[in-house]
Structure formats: structure tokens, C-alpha cells
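A.B. asks: give me the fold of what follows.
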Amino acid sequence: MLSDILDRLERKYPDSDQLFRPTVSTFEPTKAIATVGNINTIPGYHEFWLDIRLLPRYDPDDLIVYAKELGEKWEKRTGAKITVTVEQRTRSGKPSDIECPEFRALRDSISSVVGKEPETVGVGGGNTLK
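C.D. replies: The predicted model follows:
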């Protein structure tokens, strides 16, 4: 299920933007709760988190709806009870104006101290689904 969900998210949100590092939206399983203590028992309950960094062109509300739809599909397919909850949701702000006086002053100050032009990069909005 997790592999399928990751594949589907990457296909649904494929765009890249060279302003960002990484240049694409990312979908990473970052946490799972141990529900059995030994290695030879299939757990009856499993819980995991996805850390999602979505490029600003995508709406995080749409992603949440889509994740819940995927959970429902897997619920019907397997008979398991699947719940998708939002642990954290942030929406990216609008890109900064790199030609405004404040940004130019900061860029010029960095250049004069460090001796090279700073690189302008963006950070996507963070979402954590459980």
C-alpha cells in the first residue's frame, strides 16, 4: 500500500521548479510505530507518517483529499480500516521579490562579506499525514 501511494503521489504531483531544492515535491515515509515486539508476527495494526514537501503551485488541500481517496481505495481493496489524518499543514507563501530594495541590500551585503553572489532558492510547504 505504501509503495503504491508513493508512486501515485509522485505521478499526480510531477512538476519541477529549478528555484527549489530539491526541484520536485517530495513524499517520504519518515515514522512508523512498532506495534509488535518480535520479527515473526504480522501486526494487526500499523501506523506510519509521510513527510510531504509540496511545491507551492499545488494546493495542499487537494493533496489531503487525494490521500484520503487513496486510503479509501485501499480500505475497499483489503478490508482494512484506514484513516488518513493531518498532523501538520503549512501553505507556502508567495515567492519573495528578488528585485525589491530589501532583498538587493541583503544580496549586496552578503556579496561584499563573502565575496560571491548568494543563490536564491525556495522551500516548499510542509505537510505531514498520518
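A.B. asks: how about Cys30, secondary structure?
C.D. replies: Residue 30: Thr, not Cys. Taking DSSP: H, G, I helix; E, B strand; the rest coil as the rule, one finds Thr30 in the strand state.
A.B. asks: I figured it hits Ile52, correct?
C.D. replies: No. Taking contacts as C-beta atoms under 8 Å, Thr30 lies outside contact range of Ile52: 9.8 Å. Glycine gets a C-beta too; all of them are placed from N, C-alpha and C.
A.B. asks: these two: which is more packed in?
C.D. replies: Ile52 (25 against 10; other C-beta atoms under 10 Å).
A.B. asks: for the chain, which spans come out with low pLDDT?
C.D. replies: Confidence mapping of the chain against pLDDT under 70 gives the ranges 123-130.
A.B. asks: quick one: the strands in it, in order.
C.D. replies: Counting by DSSP state E, one finds strands in the chain at the ranges 26-32, 48-54, 86-89, 125-129.
A.B. asks: number of nearby residues for Leu63?
C.D. replies: Using other C-beta under 10 Å, Leu63 has 22 other residues around it.
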